[in-house]
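Asks: need coordinates for the below:
(chains A and B)
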Number of protein chains: 2
Amino acid sequence: MPVFEQGEYSERVRKTKEAMQKRGIDLLLVSQPANMNYLTGYDGWSFYVHQCVLVSLTQEEPMWIGRGMDANGARITTFLSNENIREYADYYVHSTERHPMNFVADVIKEKGWDKATLGVEMDQFYFTHRSFVELEKDLPNAKLVDGNVLVNWVRVVKSDREIELMKKAGQIAMRVMDTAIKEINVGVRECDAAAEIVRMEYKGTEEFAGDYPSIVPLMMAGEATKTPHLTWSEKRYEKDEAVLLELAGAYRHYHAPIARTIFLGQNPPQLMKDTAAVVLEGLEKTLEFVKPGVTAEDVEAKWREAISHSTIVKESRLGYSIGVNYPPDWGEQTISLRPGDKTVLQKNMALHLIPGIWYEDVGFEVDASICLTERGNESLYDYPLKMFLK
Amino acid sequence: MPVFEQGEYSERVRKTKEAMQKRGIDLLLVSQPANMNYLTGYDGWSFYVHQCVLVSLTQEEPMWIGRGMDANGARITTFLSNENIREYADYYVHSTERHPMNFVADVIKEKGWDKATLGVEMDQFYFTHRSFVELEKDLPNAKLVDGNVLVNWVRVVKSDREIELMKKAGQIAMRVMDTAIKEINVGVRECDAAAEIVRMEYKGTEEFAGDYPSIVPLMMAGEATKTPHLTWSEKRYEKDEAVLLELAGAYRHYHAPIARTIFLGQNPPQLMKDTAAVVLEGLEKTLEFVKPGVTAEDVEAKWREAISHSTIVKESRLGYSIGVNYPPDWGEQTISLRPGDKTVLQKNMALHLIPGIWYEDVGFEVDASICLTERGNESLYDYPLKMFLK
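Replies: Have a look, this model is predicted:
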C-alpha cells in the first residue's frame, strides 16, 4: 500500500506533466529511485538493476517497468493498476546480448509513444550511457532530450503531509544522535558505536518505524576528522580525539539529517574551539534569516557575512534541499546554498545546512535540517547547537 | 591506510592494464565504487557525486579524481602518491553550468592522454550519459570505447587474501542470521528485528568490525513473501506467517550474503513445505557439483536437473559472482549461473547461489555463499540448510 493517499500522487503526476509540457516533453522516463517512489509509491531495493517509471501526456497513470521478480513488489507498494506494471524477463539482467532498455523501447512502441519527444534523466545515476544508446537505437522516430532533475524540481515544495513525515524523521534523528553521544566513549570500538547508531535509525520510535537513511552513519575520528564521508573500523576511540558525526533519521524515505561534533575530553584544541564558536554563531544567524522570499544565494551570503570576522573559509556549498531519497544521496539535487543559485525560497521547502569545516588536522561539523514556514523556518528536530565535550 | 599490501594493488593494476591492452584501450576511466576501491583502496561514501580512477598504460600508478572535500579521504585510504590525487572545486557539484567530467577532461589533457583510446564503463551506475557527453565534447581527439565490466572481470578470481576477508564476512553472516532467527517472533515489530540485524552486521565479531553490506536487510513477511527486495515497517509479525530473509555479513566491503526462510508456526502451508524440500535438496546436489573446470551454465543445468522431478520452475538466474562491493549491489556483474554463460569456473572464484522461489501467495528463499577450492568448493560459513520453524 502506498504511503500517501491517491490524491497526493495524482497531484504529483499532474505537476510533472505540467513541467513536461513547459519543456516540450511528451514522454518522460524516470530512473532515479526517489523520483519513481514519488510518482508511484514504488519502494523496493531493486534499483541495482535497470527499471523506470514512464509518464506520458496521453495517459493518466504512470507506468512502472522493472524486472519480473519485482513486479509483485510494485503491486504491493504502488497505486498502479495491473496493466501499468510491466515486467521484463530475467535474461535481460546483466546480459551482454540484450539490455532492459530494449524491453522498455518495445513497451513504448506497443503504446504508440515511439514518435514522442522523450525526456530521460541524463545525469542521474541509475540511467547509464548504455541505457541512452539502446533507447536511441530502438526508437529511431523518438527525439531524446534531457529531462534531468525535472521530477526533482517538482519535489522541491513539499505537501503538508510530506512535512509531517519529515518531522517524524526528525524525531528519529534526535534519538539517533542521543545514542551516538551516549555510546561514543574512550575505549569503545568505532564499529560498536556504529552498530548502536544504525540500530536506532532502523528502530525509530515506539510509535513508528525508522527507515534506512540514504547514507550510512559517517563518523570520522582522530586523523579522519580532516575529511568527511568515511565510516568505521574496529579502532577504539582515544582520549582527546574529536569525532565528527553525520547521521540521519529517515521515515518512509523522508530524511532529517543531523550532524554534530564530539570531543572526547575537556580541552579541545584552540583551533577547534574557535572554529566551533564561529560556525555555531554563524549558523544561528543564518537560520534567523531563512524565510520565504529570500534566495538560496542570499542565505549563503548571510552565512559568509556572519563569519566574516573570522579567518574561516568554507569553499563547499552551505547546504541543499532535502526530502524523499534513496542511496547513495539524501540531497535532492535541486537547490544549492551557494553563489549563483537564485532559487526563491518558499513555504514547505526543506533544507539541510551543513557548515562542515575540515582543516589539515581536525574538522568541525554541525548542521540544521529545516522546513520553511509561512514567515520563517522551523527545525525538523530540537537538538542543542553546540560541540559536545565528554 | 589501504586494506591490502602494496604488492596486491600492483598486481591488480597490472592485470587491468593487460586486459586494457587486449581490448585496445590506452586509458581507462573507472567510476564504479568497487572498481575504484579494488584498484586503489579508496573507501569513502562519496559516490553520490562524480568521481573516478584513471588507469593509463603510460603511467604506473592509477590516478584518483574526486571532489575537493574527499581528497583527504583519498590520502587516508589509498596508496596513491599525492600527485595522483586530483580534486575538483565544489562549484562542479550538481551545477547546471559545468560538470565534473570537464575537470577530468582537463586533467587528461594536462597529462597528454587526450589522443588515447579511452575506455569508460558505459553500463555502470555512477557513470551517467551526461558524463559520456561531456568527455566526448571536451576530448575531440580521444576515441571513447566501452570498458564496461573490464575491472569487474579482473576481480572475478580472488587472491588468497581476498578469500580470507570473505571468510571473515562469512563469520559475521552467521551471527547476523542467528540474530534474525532469535529476534523474529510473533508480536515483534519488523523494524525492531531489522534494528537488531543491522546492529550485528556493523558490529561484526569480537576480533573485527563488520562493514555496511551493499544491500540493507531484505525481510519479507506475510503478503510480501511473494516478492523479494522489500524492507520493513512498524507492522508486527503474526502467527503462521512466513519471513524471507536476505541478509549478509560484510568485512572491508567483501560480502558473504546469507538467506534463509523462517515460518512462525509449526505447520507451514503444504506448498511451502514441498518447495523447501525440493529446493534444499536441489541446492545440496548442485553444491556437490560445483568445482573448477565446470561452466556457469553447467551449474545451472545441474540445479534444473536436480529439481526436475518437481513442478518448480525458477525463471531467474540461480546465482552470480560476489566479492568486494558497494551499494546498490553485492553482485559483481560478471558470472551469472544461467543458460548461455560459458565461463569456466576456477579456484578462488566466489559465487552466491540463491534459489529464491516466489509464488502468488508465498515464497521460499535459501542460499549458499561459496568459494571454489582446488577440487571443489567450500562455504564462506557453516549454517544449517533448512527452513526454520518457530
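Asks: the nearest residue to A:Tyr212 once chain neighbours are set aside: what's it in contact with?
Replies: Excluding the flanking residues, the one nearest A:Tyr212 by Cβ to Cβ, 6 or more residues apart in numbering or on different chains is B:Val216, at 4.6 Å. All C-beta atoms are positioned from the backbone trio N, CA, C, and that covers glycine. B:Val216 is in contact with A:Trp45, A:Tyr212, B:Val198, B:Thr231, counting by Cβ atoms under 8 Å, 6 or more residues apart in numbering or on different chains.
Asks: remind me which helix or strand B:Val216 belongs to.
Replies: Of the helices and strands defined by DSSP states H and E, none includes B:Val216.
Asks: and it, what pLDDT?
Replies: With respect to pLDDT, B:Val216 has a value of 98.
Asks: okay, buried residues for the lengthiest helix in chain A please.
Replies: Taking DSSP state H as the criterion, chain A has its longest helix at helix A:160-183. For helix A:160-183, the neighbour count (16 or more other Cβ atoms under 10 Å in any protein chain shown) marks A:162-163, A:165-177, A:179-181, A:183 as buried.
Asks: name all residues that make contact with the residue lying closest to A:Thr205 once chain neighbours are set aside.
Replies: Leaving aside its sequence neighbours, A:Thr205 sits nearest to A:Gln171 (Cβ to Cβ, 6+ apart; 5.8 Å). A:Gln171 makes contacts with A:Thr205, A:Gly249, A:Tyr381, as judged by Cβ under 8 Å, 6+ apart.
Asks: try A:Met387
Replies: Taking Cβ under 8 Å, 6+ apart as the contact definition, A:Met387 lies against A:Arg260, A:Thr261, A:Ile262, A:Phe263, A:Pro268, A:Met272, A:Lys273, A:Ala276, A:Leu280, A:Phe364, A:Val366.
Asks: one more time with 10 Å
Replies: Contacts for A:Met387 (Cβ atoms under 10 Å, 6 or more residues apart in numbering or on different chains) come out as A:242, A:260-263, A:268, A:272-273, A:275-277, A:279-280, A:364-366.
Asks: need the max-distance pair from the contacts of B:Val216.
Replies: Greatest spatial distance in the contacts of B:Val216: A:Trp45 and B:Val198, 13.3 Å, computed using Cβ to Cβ.
Asks: give me the common contacts of those two.
Replies: Shared contacts of A:Trp45 and B:Val198, counting by Cβ under 10 Å, 6+ apart, come down to A:Tyr212, B:Val216, B:Pro217.
Asks: tell me the spacing between the last one and A:Gly73.
Replies: The one in question is B:Pro217. As for B:Pro217, its distance to A:Gly73 is 16 Å (criterion: Cβ to Cβ, to the nearest Å).
Asks: likewise for A:Glu378?
Replies: 35 Å.
Asks: more neighbours, these two?
Replies: A side-by-side neighbour count of A:Glu378 and A:Gly73, using other Cβ atoms under 10 Å in any protein chain shown, places A:Gly73 first with 26 against 14.
Asks: tell me the centre residue of chain A?
Replies: A:Trp330 (1.9 Å; Cα atoms, centre = their mean).
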